[in-house]
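Trainee: Give me coordinates for this.
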Amino acid sequence: MESKMGELPLDINIQEPRWDQSTFLGRARHFFTVTDPRNLLLSGAQLEASRNIVQNYRAGVVTPGITEDQLWRAKYVYDSAFHPDTGEKVVLIGRMSAQTPTVVFWQWVNQSFNAIVNYSNRSGDTPITVRQLGTAYVSATTGAVATALGLKSLTKHLPPLVGRFVPFAAVAAANCINIPLMRQRELQVGIPVADEAGQRLGYSVTAAKQGIFQVVISRICMAIPAMAIPPLIMDTLEKKDFLKRRPWLGAPLQVGLVGFCLVFATPLCCALFPQKSSIHISNLEPELRAQIHEQNPSVEVVYYNKGL
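Mentor: All right, here's what the predicted structure looks like:
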């Protein structure tokens, strides 16, 4: 389908990120845009306008007067607020752009937030029942809090600086519990895998395991700057007269340091692995491998959305 004179061409591939996802820099630029906290300030009307621009363009209809930069902006606003597989609007607290301004320190609140993020950014479109979601939530948050309390008790007699790193260890361990539990449906029925053109070929539990593992690694790395750097800075500052005379500055200063770290850690760690991940067909389940060979013998690599 051709575009009219003066309009954008219809061959801009907004199905994929704007920047080369085979490079770390390209993935970093992509996720800096996706996780931009300013997206949280957009109204429902602005989100719907961006969705209309994107959906119309994909259908071959160019919004009059729109520039390429505006098209990409609409694409990233759309991606920040709507699930890539179901098309449903993600609740505000569950969007990746809510990571930075939604920093909390109590483990229960933190893991409740993580549970929502993990569910909202799961891979695939397989529905999960309310009972399954409730069980996963209780298991994930309880396991995370128990881990934090256990680590805290082990460090009672250790130097204060060591105790400051308990939150990081707890978050790292909690991610290993929270993410798989909140995405357990994927481990039961698999996630959609497709060929390079996006044609769905079936569901794979193996791909789900690989995707969840990548997300766990990204989340642990994401916590390192926010949980490791502020304790070192705060430990130094608390020995200085300035903070001793103004102890009330301790909490806001620590929140600010954590937030500053997350501004950079969130997009950079999301970029560690491609969003559109791949797996060789030889690593898939035998039944799915046979099914794909029967449908399309030339397929050697399949692709899937790993989630966030």
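Trainee: Residue 289 is in contact with residue 281, isn't it?
Mentor: Yes - contact between residue 289 and residue 281 holds when scored by CB atoms under 8 Å: they sit 5.7 Å apart. Placement of C-beta: from N, CA and C, glycine included.
Trainee: Tell me which of these two has more neighbours.
Mentor: Between residue 289 and residue 281, counted using other CB atoms under 10 Å, residue 289 has the larger neighbour count: 19 against 16.
Trainee: any idea how far stretch 266-277 is from the chain center?
Mentor: How far stretch 266-277 lies from its chain's middle: 8 Å, per CA atoms, centre = their mean, to the nearest Å.
Trainee: What lies in contact with it?
Mentor: By CB atoms under 8 Å, 6 or more residues apart in numbering, the list of residues contacting stretch 266-277 from outside reads 16-17, 21-22, 24, 27-28, 30-35, 96, 99-100, 207, 210-211, 214, 217-219, 221-222, 303-306, 308.
Trainee: and the end-to-end length of it?
Mentor: 19 Å (CA to CA, to the nearest Å).
Trainee: With stretch 8-28 instead?
Mentor: With CA to CA applied, stretch 8-28 spans 26 Å between its terminal residues.
Trainee: Name the residues of that stretch that are buried.
Mentor: Of the residues in stretch 8-28, those buried by neighbour count under the rule 16 or more other CB atoms under 10 Å are 8, 14, 17, 18, 19, 21, 26, 27, 28.
Trainee: can you give me the helices for the stretch 151-300 of the chain?
Mentor: If you assign secondary structure with DSSP state H, counting those that start in this stretch, the helices in the stretch 151-300 of the chain sit at 160-164, 166-182, 184-189, 205-237, 241-245, 250-270, 286-295.
Trainee: winner for burial among those?
Mentor: Neighbour counts averaged per stretch over the helices of the stretch 151-300 of the chain are highest for helix 166-182, at a mean of 22; criterion: mean count of other CB atoms under 10 Å.
Trainee: Quick one: mean pLDDT for that one?
Mentor: On average, the pLDDT along helix 166-182 is 76.
Trainee: Below-threshold pLDDT in the stretch 1-150 of the chain: ranges please.
Mentor: Under the criterion of pLDDT under 70, the regions of the stretch 1-150 of the chain flagged as low confidence span 1-6, 84-85, 91-119, 121-128, 132-133, 136, 140, 144-145, 148-150.
Trainee: Going along the chain, name the helices of it.
Mentor: 24-34, 44-58, 68-81, 107-120, 130-154.
Trainee: rewinding a little: of the buried residues of stretch 8-28, just say which sits nearest to residue 182.
Mentor: residue 27 (23.6 Å; CB to CB).
Trainee: quick one on the thing from earlier: what about the helices of the stretch 151-300 of the chain, which gets the closest to residue 199?
Mentor: Between those, helix 286-295 lies closest to residue 199; by CB to CB that is 9.0 Å.
Trainee: now the angle from the closest one to helix 205-237?
Mentor: 120 degrees (axes from the mean of the first three to the mean of the last three CA atoms, to 10 degrees).
Trainee: gap between helix 286-295 and the chain center?
Mentor: Relative to its chain's centre, helix 286-295 lies at 30 Å (CA atoms, centre = their mean).
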